[in-house]
Each structure stands twice: as structure tokens, then as C-alpha cells.
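Colleague: Test case, fold it:
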Amino acid sequence: MYTLLLTAVLASPSPVPTGAWKVSLHENDGVELEFRMTFSAPGADPTQWEAYSKEGAARELIGGGTAALGRMLGKLPPRGALIAIVDGSSQASPEGWRMEGTLRSPFLGERRFSGLLANGRLHGELRRPVSGTQAGTIDAVPDVSTTPLRDYPALAADLELAIRQTLFDPSLLERPAFVRFFSELGRRFARARDDLDAVASFQALAPSLSLSHLAFIRNPRLAAQSLEETVAEQSASSEDPTRLSFPAPGIAFLRVTKWAGCAPAIDRAFQRIDADGSRVLLLDVRGNPGGDATSMTALGHLIREPLTVGTFLGSLWLRQHPGPLSQDDRASLPTLDTEASPLELITQLRTKGAVLGKALPRAPFFSGSVFVLVDAATASASEPLVHALKESHRATVLGERTAGAMLLALPHTLRDGWIAVIPEADFIAADGSRLEGRGVAPDTKCPSDRVFLEAADRIAPLLPYSSAVLRGATLEALKRPDDALRAYRAALQAASRQTSPVPTPAARAAALKRIAALLAARGDERGARDAMAEVQKLVSDDPTERPAAGD
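Modeller: Presented below is the predicted three-dimensional model:
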């Protein structure tokens, strides 16, 4: 979700833009799109306005059976446009007309904007709604022409050629779905008038191929980079995607939202887990879309011996070996371990056609019980990790079947700064399973919001107190206060049965504080006071033994 901020420097006699305008959108991640929008003041107030790209474009995509886009849309944007600005207003200022509104799009999300219109031109900044940080810029000028903004038929030919030359399995190109895709792609691009038409046409057609990791967008910055620069940029992350906490004695909770150059953060997390002496690890990769091979870093801390994870197969191999991968085939393949760089993997794939991947142990080793939490959005680089932990019986997998989107894809430069991301390698797990289109089935299937309850049930014999605390916190999150209250009370009753680690006074006081809060919320002030009195008995005499902030 984002916010859009428009700014201009020249004065304009009109309070709002009107008619057709050519818009240039520039995102900070390098995406640039040029398209036409219609601006109008639909009501009696001339300072109230709206803008929208081609009407009905989103309806056409959904009507064409594009399920993935339908999920992405959630609901149809105004006028069925792929980009619309609604609730627009303008106010006079010395520089021009100051403008505000909300942009909605299945591609960009939702953004508010404010800025200036002057001398018939718009210039502005895109800002995210929550943080307010800049996300890009926008420029617009009047444009009543209907001629295509680019040579889209030539672009369609470039895209088809790139797919034919680099797709991991050449035999797929002969399938009817691909034949229809290329034919319809050329027909739709011949009708395209702006970049949104091209992107929307691709988005409408791509799901028919039932292939993950196939994408198409205009990103001149990425198009100008070398492969080495692209790999280095993708591996670098300005944000730490890991979150480590200790929700109850003996339990570590590690959430990873994306695998993106986070090996050092994963190593630090396991050092903290080791120092804490945790006996149970909850590894949460729900919603993790993948990223890079740093998912194998987590695996390394959970194994004592090297573990073969699977094989990447590219077009060079599959063109010469159309049958299943045999044991003799695996023995002949080059092997790369988790210390190898992404460029080594790409080079081996392109020169040898196939690579065997192996995970190496990393210190410190976590020897306790592991529960991996997954859902239907657990994808790509997360899936070999989940599969390896499940099949090696090193972890219990809880939740929903994973996405089944496990291919290795790389960007390819087309004309005019366009990029095609094309799958260059398939992945076959060590047991022969193909994860693309299938995913990994959990050991215990349950809705995503119940994974902690399932984990608590399994932890109970080992950590009776801590499992009950985990259950109580989960039930609170599920807005089941009476059940949460029973769980916290059960935790206190079980405290004497948990010997390693023994619940500290501070830990028991934290459970009592939750009991007090739940009692107060339902109007039992006396019960809440009694619970807080017990808290004081546990922690009042020792200033170091106090409930942690937020408990």
C-alpha cells in the first residue's frame, strides 16, 4: 500500500486537469511506465476531480478468466481501470493548484497524493501511506493522440524470442498452451496503445501457461545492469527480514519474511537461540515468497551432516535428457554447496545444464524440536527448505500446502528498457519430487491462524507450562478470551511439571498479568486485582525478576 504525492512548479488557470493526459510513472525500484489517463470533474464542484486509465481494462482481464489477477485485484477499481485516482480535490495556491486524492491499482496498490498543477503540467512524488517515505515520481502532460507510445508488436516478438531461447524445458514450447499464448500475445500487443495495455495483456495471458516465475515489466535501470550487478543487488537487503522472539521459556520463534542476503541475520538468530538454551524452534515462513539461497543457511543450523537438497535442471540438460533424473545422472552432475555464490550456480547451469545442490552444517547446531509453519504463500526458495526438513524428519510441518512455485528465473533485457523474467531451471528434490505446481504438503494440515495451537499440542509433553502460554497467546490473538484465560490458568498449574527450563518467577508473573488483563476486560475487577497481587508476590522483591516489556 502506497501514497501518491503530486507536485508542480508552474501556475495554471484551471483547478483540475481535464481530458486525456500522458502519464509517466517512475518507481524507486526502477519500474517506469507510460500510459494515458482521462481527467475529469464529474460533479458540480469544479475542484473535485477523478482520473482513470482505459475504462474496462480490469474487467476484460477478469472476464478472461485470469484467476491470479482476480485475487490480486480483490475488488474492481473504479471504472474498471487498471489505475484510477479517486476522491480528488484541488485548492488554489501561489504556485498553482494544490491537488490531493487516492490512487488505486492492482499493480501499485493504494496511494494518496497531494501536490500542484501548473501551466498544464503535473509533476510529483509517490509516497507510501503508512511510513510516508518516497516511493517514486509521476509526470503528466496533455495528450489527445491515439497512436501507440511504442512499437508493441516488435516488443511481443522480442518477448517470444527470449522465452524460446531461455525457457528451462524446450518441450513446453510445443504444447498448445504456449502456441496459443504466443499467438494471442502478438494479437493483443498489435492493439496496444500504451504500456498498461502491454502489461495487462501479458498478465491476462500468462496464467494459462501454469508456470511460476514468468514476469514482464518495464524497468530501464534493471535492463541496463549486468547479470553480476543484478545478482548483487538482489542479494543485498536494506531491511532485516528476520524476527526472533522467545514467547515462552524454552521456545524460540523465528519468522523470516523473505530470503534476501540474510545469511548473517540467520546466523545471529541461531547464536541467540543457542545462548537462550531453547528446546523448541518455531520457524515461520508463512507468506515468505522466496528470494535467494540463504534459505539453506537456516537448514545448515538444523543438520549435523551435509544434506543433498535437490537438482537444478536447465534447457541444456533437458534437451538431451527428456526422461526422469536417475541416480547415475545425479552422480555425474557438478555439485555446489551452500558456500557457492549465486553466479557460480548460474554459470554451471548455463554451461553444464544441471547442478546438484547440497546444504552444509553451520554452527551453532540446534538439536531441539523444530516446527515449520507454512501456508499457500510459502513459495520459491522457501519450498526446498520445507521439503528437506520434512523428508529428513528433522522438522514437523504445520499449516497449508505450499505454493508450488519453485523455478530458478533470471531477468532478460528486451527493447526500450523492458524486462522479461524467465524460468531457466527446474528443481527436482533429492527424493525425486518436482515442487513446481505441487508444493509441499504439511505433516498436519490446518488453517494458517491455527498453526500455533497445533504446535502447542505437540510441545505440551516436553514443555507443559510453555505450551499452555503459547496456546493462551494464540487464543487471545484469535479473540477467544475465555479460552485464553483457561489456557493461562492451565499454564500456572503446569509450571511445577516443567523442569527444563524451569519457569522463572518473571515468566509466571507474565502469565498472571495476562490473566489480570483478561479478567479486567470482562469486568471482573476483583479477580484482576487478585491476579496482580500474585504478580507482586512473584517479582516485587527482586528488581531483576520482572515481566519483560510487552508481556
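
Colleague: could you list every residue that touches the most centrally placed residue in the chain?
Modeller: Central residue of the chain (C-alpha atoms, centre = their mean): Pro289, 4.4 Å from the mean position. Neighbouring residues of Pro289 by C-beta atoms under 8 Å, 6 or more residues apart in numbering: 258, 377, 379-380, 382. Where you see a C-beta, it was placed from the backbone N, CA and C, and this is true even at glycine.

Colleague: next one: Val141
Modeller: Listed by C-beta under 8 Å, 6+ apart, the contact partners of Val141 are 21-22, 120-122.

Colleague: Identify, from the residues you listed, the entry nearest to Thr402.
Modeller: Closest approach to Thr402 among the contacts of Val141 (C-beta to C-beta): Lys22, at 42.4 Å.

Colleague: What lies in contact with the helix or strand that contains the closest one?
Modeller: Using DSSP states H and E, Lys22 maps to strand 19-27. By C-beta under 8 Å, 6+ apart, the residues outside strand 19-27 that reach it are 31-40, 51, 122, 126, 135-144, 149.

Colleague: quick one: average pLDDT of the helix or strand following it?
Modeller: Once the chain leaves strand 19-27, the next helix or strand it forms, by DSSP H and E, is strand 32-40. Taken as a whole, strand 32-40 carries a mean pLDDT of 95.

Colleague: do stretch 105-115 as well
Modeller: Per-residue pLDDT over stretch 105-115 has a mean of 81.

Colleague: Could you give me the buried positions within it?
Modeller: Of the residues in stretch 105-115, 105-108, 111-115 count as buried by neighbour count, 16 or more other C-beta atoms under 10 Å.

Colleague: same thing with stretch 23-39?
Modeller: Buried, per 16+ other C-beta under 10 Å, within stretch 23-39: 23-27, 30-39.

Colleague: for those, which one is nearest Val440?
Modeller: Distances from Val440 to the buried residues of stretch 23-39, taken by C-beta to C-beta, are shortest for Val31, at 31.4 Å.

Colleague: State the distance from that closest one to Arg350.
Modeller: Separation of Val31 from Arg350 (C-beta to C-beta, to the nearest Å) stands at 27 Å.

Colleague: If you rank every helix and strand of this structure by mean pLDDT, what lands last?
Modeller: Of all helical and strand segments in the chain, the minimum by mean pLDDT, DSSP states H and E falls on strand 3-7, at a mean of 39.

Colleague: Going by length in residues, pull out the top strand of this structure.
Modeller: Longest among the strand segments of the chain by residue count, using DSSP state E, is strand 418-429.

Colleague: Check the offset of that strand from the chain's centre.
Modeller: 18 Å (C-alpha atoms, centre = their mean, to the nearest Å).

Colleague: Need the residues that contact the helix or strand just after that strand.
Modeller: Once strand 418-429 ends, the next helix or strand along the chain (criterion: DSSP H and E) is strand 444-445. For strand 444-445, contacts defined as C-beta under 8 Å, 6+ apart pick out 396-401, 454.

Colleague: What segments of the stretch 301-450 of the chain are helices?
Modeller: For the stretch 301-450 of the chain, the helices defined by DSSP state H, counting those that start in this stretch cover 315-320, 327-332, 342-352, 382-391.

Colleague: quick one: low-confidence parts of the stretch 51-200 of the chain?
Modeller: Applying pLDDT under 70 to the stretch 51-200 of the chain flags the ranges 59-77.

Colleague: so where do the helices sit in it?
Modeller: Here the stretch 51-200 of the chain has its helices, by DSSP H, counting those that start in this stretch, at 57-63, 67-73, 152-166, 176-191, 195-205.

Colleague: Buried deepest among those helices, which one?
Modeller: Using mean count of other C-beta atoms under 10 Å, the stretch among the helices of the stretch 51-200 of the chain with the largest mean neighbour count is helix 195-205, at a mean of 23.

Colleague: what's the angle between that one and helix 152-166?
Modeller: With axes from the mean of the first three to the mean of the last three C-alpha atoms, to 10 degrees applied, the angle from helix 195-205 to helix 152-166 works out at 40 degrees.

Colleague: Only C-alpha atoms, please: export the next helix or strand after helix 195-205 in CSV.
Modeller: Heading C-terminal from helix 195-205, the first helix or strand you meet, by DSSP H and E, is strand 215-218. Taking C-alpha atoms only, strand 215-218 is exported to CSV below (Å, rounded to 0.1, in the frame of the first residue of the first chain):
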residue,chain,number,x,y,z
ALA,A,215,7.1,-11.9,-15.5
PHE,A,216,7.2,-8.9,-17.8
ILE,A,217,7.7,-5.2,-16.8
ARG,A,218,9.5,-2.1,-18.0
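
Colleague: strands paired with strand 215-218, and their directions?
Modeller: In the sheet, strand 215-218 lines up against strand 418-429 (antiparallel) (DSSP bridges).

Colleague: any idea how far the nearest residue to Arg180 once chain neighbours are set aside is from Ala491?
Modeller: The spatial neighbour of Arg180 that comes closest, neighbours along the chain excluded (C-beta to C-beta, 6 or more residues apart in numbering), is Ser208 at 7.0 Å. Distance, Ser208 to Ala491, by C-beta to C-beta: 52 Å.

Colleague: Which one's more surrounded, the two?
Modeller: Neighbour comparison, Ser208 and Ala491: the larger count goes to Ala491, with 28 against 16 (by other C-beta atoms under 10 Å).

Colleague: Am I right that that one is in a strand?
Modeller: No. Counting by DSSP: H, G, I helix; E, B strand; the rest coil, one finds Ala491 to be helix, located in no strand.

Colleague: my guess is it contacts Ala468, does it?
Modeller: Yes. Between Ala491 and Ala468 there is a contact under C-beta atoms under 8 Å: 3.5 Å.

Colleague: Spit out the contact partners of Tyr152.
Modeller: Listed by C-beta under 8 Å, 6+ apart, the contact set of Tyr152 reads 189-190, 192, 197-198.

Colleague: Out of the contacts of strand 444-445, which sit inside strands?
Modeller: If you go by DSSP E, those have 396-399 in strands.

Colleague: Between those residues, which sits nearest Ala510?
Modeller: Distances from Ala510 to the ones in strands among the contacts of strand 444-445, taken by C-beta to C-beta, are shortest for Leu398, at 24.8 Å.

Colleague: Tell me the bridge partners for the closest one.
Modeller: Leu398 has these beta-bridge partners by DSSP bridges: Leu373, Thr444.

Colleague: Please name the residues that touch it.
Modeller: Neighbouring residues of Leu398 by C-beta under 8 Å, 6+ apart: 371-374, 442-444, 446, 451, 454-455.
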